[in-house]
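A.B. asks: sequence unknown, structure follows:
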């Protein structure tokens, strides 16, 4: 015969399973999921280049080309609430810094209402109509301006502190 205490414990356990939706598999982030993450991105010397702290979590779909490949890869398999620190190598981040994406042009070829300055971002339209973003990296006394079309983080390994906030 069952004791009343055993029956009560069994009912409480069953209710707990039903109410929490407990099952044997814990949901983890997978390709195609829309996720929300908090993150802080750092360079090798510890310099923070971006963070979601103080803002809304970053929301994106895994493996949809909305984040760098290494960031997607780091989140796949994480559980909500899980935190980790990962270092993403150049090839899974913004790629290598390509010298052929650095060009020198005459200062008079830059259309601007203001005098060009190092660090200024310029946009141009390529031959196929695509937008190309350049950063002015130097200005010479002889009238040439050096422009870099590489992403500012190209050629760098990136370290991220990541917290998976939500899987939608």
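C.D. replies: Received it, and whenever you're ready, just let me know what you need. Note that the coordinates shown come from a computational prediction; the quantities given were computed from them, not determined experimentally.
A.B. asks: Roughly how far does the residue nearest the centre of the chain sit from residue 28?
C.D. replies: For the chain, residue 67 is the residue whose C-alpha lies nearest the centre (CA atoms, centre = their mean; 4.9 Å). Noted for residue 67: a distance of 17 Å to residue 28, by CB to CB, to the nearest Å. In this view, the C-beta of every residue, glycine as well, is placed from N, C-alpha and C.
A.B. asks: Ok, residue 152 next?
C.D. replies: Residue 152 is 32 Å from residue 28, where distance means CB to CB.
A.B. asks: So for the residue nearest to the centre of the chain, what's the nearest residue that isn't a sequence neighbour?
C.D. replies: Leaving aside its chain neighbours, residue 67 sits nearest to residue 60 (5.4 Å; criterion: CB to CB, 6 or more residues apart in numbering).
A.B. asks: what's near enough to touch that neighbour?
C.D. replies: Going by CB atoms under 8 Å, 6 or more residues apart in numbering, residue 60 touches 34-35, 66-67.
A.B. asks: And stretch 116-124, end to end?
C.D. replies: End-to-end distance for stretch 116-124: 15 Å, by CA to CA, to the nearest Å.
A.B. asks: Run the chain-centre distance for it.
C.D. replies: Distance, stretch centre to chain centre, for stretch 116-124: 24 Å (CA atoms, centre = their mean, to the nearest Å).
A.B. asks: Buried ones in it, by neighbour count?
C.D. replies: By 16 or more other CB atoms under 10 Å, the buried positions in stretch 116-124 come out as 120, 122.
A.B. asks: Can you name the residues in contact with it?
C.D. replies: Residues outside stretch 116-124 that contact it (CB under 8 Å, 6+ apart): 107, 110, 112, 131-139, 145, 147.
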